[in-house]
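>>> pasted the sequence and its predicted model underneath.
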Number of protein chains: 2
Amino acid sequence: MTAYQELAARAARMTAINNAQGILGWDNETVMPHGAAETRAESLAALALVHHDMICDPKLGDLLEEASGEDGLDAWQRANIREFRRSWLSETALPPDLVEASTKAVARCELRWRQARQEDDFAGLLPSLAEVLRLQREIGKAKGERLGLSTYDALLDQFEPGLTAERITVLFDDLAGFLPDFIGAVLDRQAGEPAPAEPQGPFPIPIQKDLAKAFMTTVGFDFERGRLDESTHPFCGGADNDVRITTRYDENRFASALLGVMHESGHALYEQGRPRDWLNQPVGRSRGMGVHESQSLIIEMQAARSHQFLSYAAPILREAFGGEGPAWTADNLYRLYTRVSRSLIRVDADEVTYPAHIILRFRLEKAMIEDDLPLADLPAAWAEAMDDLVGITPPDDRQGCLQDIHWPGGAWGYFPTYTIGAMTAAQMFDAAKQAKPTLPDCLAEGDFGPLVGWLRENVHGLGCLYEADELLVRATGRPLDASIFENHLRQRYLEGI
Amino acid sequence: MTAYQELAARAARMTAINNAQGILGWDNETVMPHGAAETRAESLAALALVHHDMICDPKLGDLLEEASGEDGLDAWQRANIREFRRSWLSETALPPDLVEASTKAVARCELRWRQARQEDDFAGLLPSLAEVLRLQREIGKAKGERLGLSTYDALLDQFEPGLTAERITVLFDDLAGFLPDFIGAVLDRQAGEPAPAEPQGPFPIPIQKDLAKAFMTTVGFDFERGRLDESTHPFCGGADNDVRITTRYDENRFASALLGVMHESGHALYEQGRPRDWLNQPVGRSRGMGVHESQSLIIEMQAARSHQFLSYAAPILREAFGGEGPAWTADNLYRLYTRVSRSLIRVDADEVTYPAHIILRFRLEKAMIEDDLPLADLPAAWAEAMDDLVGITPPDDRQGCLQDIHWPGGAWGYFPTYTIGAMTAAQMFDAAKQAKPTLPDCLAEGDFGPLVGWLRENVHGLGCLYEADELLVRATGRPLDASIFENHLRQRYLEGI
């Protein structure tokens, strides 16, 4: 057995463990009885330890070294070694006591956060959040030393390899220059039109479920290798060849469940479209959280909220729910699902204001990691940035800096991927339309073939063969460019295209 | 850390892996999409290997030795070491190449069996079944040498530790002397009465589900630590604090689903009643397959098919399904669910003839393992034994020696546990009624409290603290005794009590 073959065998075994973790994770959120929580946590911890032991095997470094020197490896195999080394470097960069300290601090802080958010008590959260921040800094420093990155870039790298604060700053500054005036212009335009009408329920949940599955089939979800279920917080999880998405239903509104399903279906198409021959190898994984988010947003934001798709979907929805009247026209639904408002909560934000919520979080978390913003000053800095970017200030911290779990949860460096994903989605959708001119007309007939075909060829089927930058340049002809996203917003929200 | 503490920590980790396997196994049978089968098999194989590596750790033998010599251990701790040593001895007895050869031979033979059964082609199955038999003999020999047991006893020991062929022979010979005439007498008695009436459906599946859950609650199933789902083959599985049973529904008959649920609930009560403080340790496990089967049969056969419980259940069933007429009386349902007939298929057999099916399988498999019966002669030997014991001969091998997966599946030594379970159930139920005289009247009110309380105290909560024999003697005052089971059959089927 060559060193490369030995590596591939080890990767397959680690993937098998990851797949077990994925299914247990799904089970946790969907069907597990409450009383099993502690037992399940033990199982997940045992599997994490098994996986960690596998990647920390002292022989692995030598195998990677040796395999890199082997002759006759093709591009996929070389990329496979590169990706294996990448996760090996990252996962072995941290001393075990730092991992343990961080795990414990996060568990404590998340618990504290649930209470602090409820009670609007930032001061009460401060000590445990400061501890998480301190440990995130240490983690970033340790990984950064190993990977040759700055502390914050090392945190970013965990979610989107190769992404740097320098790069994000250029892109986000461009967007931050564009958004405030743009939001004002969109709101002015909306004010000059009659408000869209809300379809009136109730919308029976069995019908919502049938529609969700029908739309999943429309976009190309493969039910032979995946499922749809329910959970409090929708997600895309599961395992290779077993991609499980969830949604939640509300009898009074169907849009949240169905657009949520479109979003998760975008993630799922990526997972189901990864290269079959490399599924259990590092090179067969998805490229990163930014690219992943772009795939969900292409389906949910670019395609499903388009005039074309809504002209296909409106009569289906109207018939399924027995709806009547002007609320059910494609045009009304389009205006409803592209409605913009200045709002305080990120997860409820629309496509236009969402990036503003992200830009401020990126700026603040970077400043905190780099010790340029004392944690105690976060609430004030948050309010100021909200005012600048969204044009609204939170009346309290619950609707301000206490709203998200990411920081208490130790996911520093994650936020930027949401907006990197949105920009990437716009740029890819634009390129796909140029490559497949019938794409919009096909959406109007419920045919996602041209779009998903383009994504499979240019994104899904490539796994980690290329770095994220190269993937995008190959797919769209240029690096990530904020102006394409801005053009998309301008066309949709000012020109009504 | 003492050697005992180190052992306990290792046991907890192994249990955490077992629990993960249990949930993945449940997922396989209930919700997994077809296309995930291969990926799932990889995960289960990886977990099996992880578990195997843990138990084959060369340090384990020394730790067991050292812990056994420690002072100050209580009875539970000493039993814990004994049970840990038992599984260690058994799992490390086999050379890895024998395990691998057996796994492969079983996989081939099961596949071949599905076809052979369909085509009634015993000759076609013979070569692969011979290979499984040969390897089972080797496995029995290797384990037997390690454990100081004969080859067949070593196979038995895998399913019910401590059970021997000598013991079974005495019990089964007693029963075999009783059954043929008894079956004749029961059929004569039945012939002298009008046949019971079948309630006429359809019986809507949502109603069957609600009833299943209601009856589970009645017997004491804890839904905070368990679930009910559907699968092709009903089972009780899952994990500690997460006991998952399944059933299958047929709109034309409700009894199969509901009595099946009672059966699995009996297994589940055992699992949910194991000692909480020892759940993740060897001593906290269930005692063996025979004892486990006794718990399902106490609920399904002894309690649920009693006059008392059926007098409680009949009006509930009638009301839920909107039934009318004489088919819905408690007396009719009693006669329906205690109907006896000479039949060919074990899984469809009634309480009276079932043991005859088992006795013949025990005799035949023991003879084959001990080389006293050539495999080629199995069909003829089967037909003869069926004629002797059940009074009917199969027209073909599909309804004869090809009907069960156990032998192709490598589960030699498993069959006897079904009837050991039935005898144990009768003996325990008898003892429980003596200890709790209100037990039958309580069943008539849907109150399983006295029965389940007795089971928790005398069986469930004891885990593996005692060997199976001692468990039974402590609970019932004597070792397993075929005459109690025979008395039960006589009372129910001849005296109608």
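Great, that's in hand. Keep in mind it's a predicted model, so treat the numbers as computed, not measured.
>>> when you work out contacts or count neighbours from here on, use the C-alpha atoms and nothing else.
OK.
>>> any idea how far whatever residue of the stretch 251-400 of chain A ends up closest to chain B is from A:Asp371?
In the stretch 251-400 of chain A, the residue that lies nearest chain B is A:Asn280 (9.1 Å; Cα to the nearest Cα). A:Asn280 sits 40 Å away from A:Asp371, going by Cα to Cα, to the nearest Å.
>>> higher neighbour count, the two?
In terms of neighbours (other Cα atoms under 10 Å in any protein chain shown), A:Asn280 is the more surrounded of A:Asn280 and A:Asp371; the figures are 23 against 12.
>>> which residues touch the more buried one?
Going by Cα atoms under 8 Å, 6 or more residues apart in numbering or on different chains, A:Asn280 touches A:Ala11, A:Ala12, A:Thr15, A:Ala16, A:Asp240.
>>> and what about the closest residue in space to the second one that isn't next to it in sequence, helix, strand or coil?
To tie it back to what came earlier, the one meant is A:Ala12. Closest residue to A:Ala12 apart from its sequence neighbours, by Cα to Cα, 6 or more residues apart in numbering or on different chains: A:Asn280 at 5.1 Å. Following DSSP: H, G, I helix; E, B strand; the rest coil, A:Asn280 is assigned to coil.
>>> now stretch A:342-360: mean pLDDT?
Stretch A:342-360 comes out with an average pLDDT of 97.
>>> ditto for stretch A:90-108
Stretch A:90-108 carries an average pLDDT of 91.
>>> mind listing what's buried in that stretch?
Going by neighbour count (16 or more other Cα atoms under 10 Å in any protein chain shown), the buried part of stretch A:90-108 is A:Ser90, A:Thr92, A:Ala93, A:Leu94, A:Ser102, A:Thr103, A:Ala105, A:Val106, A:Ala107, A:Arg108.
>>> cool, and stretch A:460-470?
A:His460, A:Gly461, A:Leu462, A:Gly463, A:Cys464, A:Leu465, A:Tyr466, A:Glu467, A:Ala468.
>>> check contacts around the residue nearest to the spatial centre of chain A.
By Cα atoms, centre = their mean, chain A has its centre lying nearest to A:Glu293, at 3.8 Å. Listed by Cα under 8 Å, 6+ apart, the contact set of A:Glu293 reads A:His267, A:Thr417, A:Tyr418, A:Gly421, A:Ala422.
>>> correct me if wrong: the fourth one contacts A:Ile298.
No: with the criterion set as Cα atoms under 8 Å, A:Gly421 and A:Ile298 do not qualify as a contacting pair; they are 9.1 Å apart.
>>> give me the more crowded residue out of the two.
A:Ile298 (28 against 22).
>>> need the contact list for the more buried one.
Contact analysis of A:Ile298 by Cα under 8 Å, 6+ apart lists A:Gly266, A:Ala425, A:Ala426, A:Met428, A:Phe429.
>>> same check, this time on A:Trp382
A:Leu360, A:Leu364, A:Gly400, A:Cys401.
>>> how many other residues sit next to A:Ala426?
Using other Cα under 10 Å, A:Ala426 is surrounded by 26 other residues.
>>> ignore the last one, A:Ser128
Neighbour tally, A:Ser128, other Cα under 10 Å: 20.
>>> which residue is the nearest non-sequential neighbour of it?
For A:Ser128, ignoring the flanking residues on the chain, the nearest one in space by Cα to Cα, 6+ apart is A:Cys109 at 5.3 Å.
>>> so the one you found is in which element?
In this structure, A:Cys109 is located in helix A:96-119 according to DSSP states H and E.
>>> state the distance from the nearest residue to A:Asp277 once chain neighbours are set aside to A:Leu73.
Spatially, and ignoring its direct neighbours in sequence, A:Asp277 is nearest to A:Gly284 (7.9 Å; Cα to Cα, 6+ apart). According to Cα to Cα, A:Gly284 stands 16 Å off from A:Leu73.
>>> between those two, which one's more packed in?
Legend: neighbour count by other Cα under 10 Å for A:Gly284 and A:Leu73, higher for A:Gly284 (24 against 14).
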